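A.B. asks: when you get a sec, could you give me coordinates for this:
(one chain, ligands or ions: 1)
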Amino acid sequence: MNYFLSEEQIALRDLAREFSQGKIAPVAAEYDQKAEFPWPIVKDMARMDFFRLWIPADYEGMDAGVMSLVLVTEEFSKACGGIALALAGTALGTFPILIAGTEEQKKRTLPLLASGEALAAFCLTEPEAGSDAGAIQTTARRDGDDYVLNGTKHFITNGGVARYYTVIASTDPSRGSRGATAFLVEEGTPGLIFGKKEDKMGIRASATCEVVFQDCRVPKANLLGKEGQGFMIAMKTLDRSRPGVAAQALGIAAGAFDHAVRYARTRRQFGVSIASFQAIQFMLADMATEIEAVRSLVYATARMIDAGEKDFARESAMCKVKAGDVAMKVATDAVQIFGGYGYMKDYPIEKYMRDAKITQIYEGTNQIQRNVIARHVIKESASL
Ligand code: COS
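C.D. replies: Next up is the predicted model:
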């Protein structure tokens with residue numbers, strides 16, 4: 001399939017592919033097994049300027065847009081969906097600053113994020129506020145020139161490894177989602193505490209932990225946007241980042257597929273390669289078709305965002321739902337093609353199935369994505 005990428009995009013994709021095969025693939029199983037954050041690889045990503053891609057040029061970035069993030073995340077995820085997340089999770093944590101940050105906040109943070117010296121994390125989810133993001137209980141009380149944050153965020157990607165935490169807390173609990181406000185909290189701020197480190201099924205190389213605020217004093221200068229805009233900023237952030245999750249899912253699917261095709265060609269049963277059986281061929285054909293369908297949707301949406309379209313919540317949700325479901329199906333079918341070997345940790349394929357599952361869950365479950373899509377299509381039909 002020709003996606004008519006520009007010369008720069010082809011060069012970027014090829015660079016990311018080389019990095020993925022050369023640096024990530026050889027150590028993916030080890031980091032997965034140890035559930036360790038891949039600092040040496042992250043430093044290499046930074047040296048190769050991958051963190052600059054989605055940052056505007058005014059702040060030492062490359063201005064290469066969501067499309068560049070998608071291309072790189074896809075390539076990295078072919079080798080390891082967990083390691084890819086150090087990059088994609090930082091993009092997620094950076095989007096609130098790009099969307100609502102002041103000039104001073106951008107100048108202070110974006111160059112460090114662009115160089116990869118600092119990573120970012122987005123803190124929305126709480127134990128009692130997952131899909132119902134408007135139900136957050138973390139509070140931010142104004143006290144002089146500061147806000148004092150109290151509450152617990154959990155399942156935070158890049159928690160404990162990031163320098164910048166973009167946090168949604170309630171400045172007016174009586175107003176529900178309209179009382180939510182976004183803040184920038186820096187590592188080292190007294191009262192910012194890292195809690196339980198999660199022991200996950202998949203994406204084990206990604207750092208995921210509880211982030212606790214205990215009388216955490218944040219200066220007024222770290223308010224992102226205005227009081228009461230937090231929920232809107234969170235929703236806009238997710239609209240921008242969901243194509244990145246979709247790209248992660250796409251990479252996981254494509255990586256699993258590559259393994260499955262190679263295995264089907266070399267594995268012999270009944271005296272022939274199993275790729276000569278129609279049962280296997282049809283599985284491979286469906287897998288390849290679904291992967292191309294996802295790639296088309298994800299690239300089209302990323303281009304739509306980069307072109308400056310105002311509302312892409314629907315397309316972004318479509319990317320995430322389709323890519324997550326396809327990743328799960330393709331990875332499961334890849335395990336099936338490997339048969340008993342596929343179930344064993346000696347082979348790389350079971351990891352794809354474990355890594356794929358989260359893409360149907362985080363940054364809004366695929367059920368929530370369907371809600372978002374349904375709301376849009378029903379609203380649009382009313383104007384027909
Ligand atoms: N962009 C901008 N504003 C948006 C928006 C978007 N995509 N989606 C909603 N809003 C605004 C609405 O316009 C509304 O504004 P007003 O209060 O001014 O009317 C406000 O936000 C509340 O919207 P809504 O009533 O639709 O909120 P709900 O509580 O019904 O929740 C869903 C909507 C379910 C879509 C939201 O809670 C959600 O996305 N949940 C999943 C959260 C998630 O992804 N969690 C994963 C963890 S983050 S890594």
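A.B. asks: what's the neighbour count on residue 240?
C.D. replies: Using other CB atoms under 10 Å, residue 240 is surrounded by 24 other residues. Any C-beta I mention is one placed from the backbone N, CA and C, and that applies to glycine too.
A.B. asks: what pLDDT does the model give it?
C.D. replies: The predicted local confidence for residue 240 comes out at a pLDDT of 96.
A.B. asks: so what does it look like in phi/psi?
C.D. replies: Per-residue torsions, residue 240: phi -80, psi -30 (degrees, to the nearest 10).
A.B. asks: correct me, but it touches residue 316?
C.D. replies: Yes - between residue 240 and residue 316 a contact is recorded at 7.4 Å, counting by CB atoms under 8 Å.
A.B. asks: which neighbours do the two share?
C.D. replies: Contact with both residue 240 and residue 316 is made by residues residue 305, according to CB atoms under 8 Å, 6 or more residues apart in numbering.
A.B. asks: who's in contact with the residue of the chain found nearest the ligand?
C.D. replies: Here the chain gets closest to the ligand at one residue, residue 364, 2.9 Å apart by CB to the nearest ligand atom. Residue 364 sits next to 131, 238, 242, 317, 320, 372 when contact means CB under 8 Å, 6+ apart.
A.B. asks: how about residue 216?
C.D. replies: 148, 149, 150, 185, 189, 190, 191, 192.
A.B. asks: excluding its backbone neighbours, what's nearest the last one?
C.D. replies: In space, not counting the residues next to it along the chain, residue 192 is nearest to residue 216; the distance is 5.2 Å by CB to CB, 6 or more residues apart in numbering.
A.B. asks: one more: the first one?
C.D. replies: In this structure, residue 148 finds its nearest non-sequential neighbour in residue 141, 4.9 Å apart by CB to CB, 6+ apart.
A.B. asks: the one you found and residue 170 touch, don't they?
C.D. replies: No - between residue 141 and residue 170 there is no contact under CB under 8 Å: 9.6 Å.
A.B. asks: of those two, who's got more company?
C.D. replies: The neighbour comparison of residue 141 against residue 170 (other CB under 10 Å) goes to residue 170, with 26 against 13.
A.B. asks: partner residues bridging that one?
C.D. replies: residue 139, residue 180 (DSSP bridges).
A.B. asks: which residues does it contact?
C.D. replies: When the contact criterion is CB under 8 Å, 6+ apart, the partners of residue 170 are 136, 137, 138, 139, 140, 179, 180, 181, 230.
A.B. asks: ok, the residue nearest to the last one when sequence neighbours are not counted - contacts?
C.D. replies: This means residue 230. Nearest in space to residue 230, with sequence neighbours left out and distances taken as CB to CB, 6+ apart, is residue 180 at 3.4 Å. By CB under 8 Å, 6+ apart, the contact set of residue 180 is 134, 136, 168, 169, 170, 171, 228, 229, 230, 231, 234.
A.B. asks: again, only this time at 10 Å
C.D. replies: Shown here is residue 180, whose contacts under the criterion CB atoms under 10 Å, 6 or more residues apart in numbering are 124, 133-136, 138, 140, 168-173, 227-234.
A.B. asks: now which of those would you call buried?
C.D. replies: Of all these considered here, the ones buried according to neighbour count by 16 or more other CB atoms under 10 Å are 124, 133-134, 136, 138, 140, 168-171, 227-234.
A.B. asks: so which of those reach the ligand?
C.D. replies: When the buried ones among the contacts of residue 180 are filtered against the ligand using CB under 6 Å from any ligand atom, the residues retained are 124, 133, 134, 231, 232.
A.B. asks: what's the closest non-adjacent residue to the first one?
C.D. replies: The reference is to residue 124. If you skip the residues right next to it in sequence, residue 124 has residue 168 as its closest partner in space, 4.9 Å away by CB to CB, 6+ apart.
A.B. asks: chain center to the helix or strand where that neighbour lies: distance?
C.D. replies: Here residue 168, judged by DSSP states H and E, is contained in strand 164-170. Average the C-alpha atoms of strand 164-170, do the same for its chain, and the two points are 17 Å apart (CA atoms, centre = their mean, to the nearest Å).
A.B. asks: cool, and stretch 212-223?
C.D. replies: Between the centre of stretch 212-223 and the centre of its chain there are 25 Å (CA atoms, centre = their mean).
A.B. asks: just the C-alphas of it, formatted as CSV.
C.D. replies: Extracted as CSV, the C-alpha positions of stretch 212-223 are listed here (Å, rounded to 0.1, in the frame of the first residue of the first chain):
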residue,chain,number,x,y,z
VAL,A,212,-0.2,10.6,45.2
PHE,A,213,-0.6,14.3,46.1
GLN,A,214,-0.3,15.0,49.8
ASP,A,215,-0.7,18.7,50.5
CYS,A,216,1.3,19.2,47.4
ARG,A,217,1.8,22.9,46.9
VAL,A,218,1.9,24.0,43.3
PRO,A,219,2.5,27.7,42.3
LYS,A,220,-0.3,29.5,40.5
ALA,A,221,2.2,29.9,37.6
ASN,A,222,1.7,26.2,37.0
LEU,A,223,-2.0,26.4,36.3
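A.B. asks: just put the contacts of residue 170 in JSON lines and tack on pLDDT.
C.D. replies: As requested, these are arranged in JSON lines below (pLDDT from 0 to 100):
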{"residue": "136", "pLDDT": "97"}
{"residue": "137", "pLDDT": "97"}
{"residue": "138", "pLDDT": "98"}
{"residue": "139", "pLDDT": "98"}
{"residue": "140", "pLDDT": "98"}
{"residue": "179", "pLDDT": "98"}
{"residue": "180", "pLDDT": "98"}
{"residue": "181", "pLDDT": "98"}
{"residue": "230", "pLDDT": "98"}
